[in-house]
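Engineer: sequence first, then the predicted structure:
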Amino acid sequence: MTQVLRSHIVGPTYKSCTYFLHLARDSYKEALKALDDAKVDAQKKMKMQRDIQQVLAFYQKQKSVFNDPNVAIYPGRELPNLERRSTKYPAISDCIQFRHQPGRGRYAVATRDIVVGEFICVEEPCVSRILPEFSGSNCSNCFR
């Protein structure tokens with residue numbers, strides 16, 4: 001049985017990403033072997049074997065980054081810049097102002113005309129998840 005690495009990683013590193021990619025590939029291979037002894041309906045077993053073989057074939061076709069130190073596993077941020085930030089809310093442009101009115105509650109208003117395509121709010125996500133269709137081809141840390 002594959003052992004899971006239990007360590008606190010303060011940010012994905014090249015070494016940790018490649019370790020987990022190897023671990024995933026090895027786990028798929030172990031699952032394929034375990035299906036031989038599994039007490040599962042023959043049709044379900046065949047479907048699971050096909051699915052696992054497809055995933056393994058997909059990994060084989062992909063460019064390998066395991067031995068390429070030039071691949072940036074954790075690249076820098078690519079967030080757009082706000083031209084003028086609010087002093088009170090740094091993730092928001094200064095063209096947005098929050099107000100409160102009894103009976104209406106808290107709301108935001110534009111303090112000037114906003115140009116089409118202008119960014120008015122930029123912040124890093126607090127939670128992110130890779131879409132299922134990209135899970136085999138993209139890194140689950142940097143999504144590349």
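Structural biologist: Noted; the coordinates are in hand.
Engineer: tell me how the protein divides into domains.
Structural biologist: Following automatic domain parsing, one gets these domains for the chain: 14-76+130-134, 80-123.
Engineer: give the rounded mean pLDDT of the longest one.
Structural biologist: Computed over domain 14-76+130-134, the mean pLDDT rounds to 76.
Engineer: tell me how far the residue nearest to residue 83 when sequence neighbours are not counted lies from residue 117.
Structural biologist: Nearest in space to residue 83, with sequence neighbours left out and distances taken as Cβ to Cβ, 6 or more residues apart in numbering, is residue 93 at 7.3 Å. Every C-beta, even on glycine, is put in place using the N, C-alpha and C of the backbone. According to Cβ to Cβ, to the nearest Å, residue 93 stands 13 Å off from residue 117.
Engineer: which of those two has more neighbours?
Structural biologist: Shown here are residue 93 and residue 117; by other Cβ atoms under 10 Å, residue 93 has more neighbours (20 against 5).
Engineer: shouldn't the more buried one be in contact with residue 112?
Structural biologist: No. With contacts counted by Cβ atoms under 8 Å, residue 93 stays clear of residue 112, the gap being 9.5 Å.
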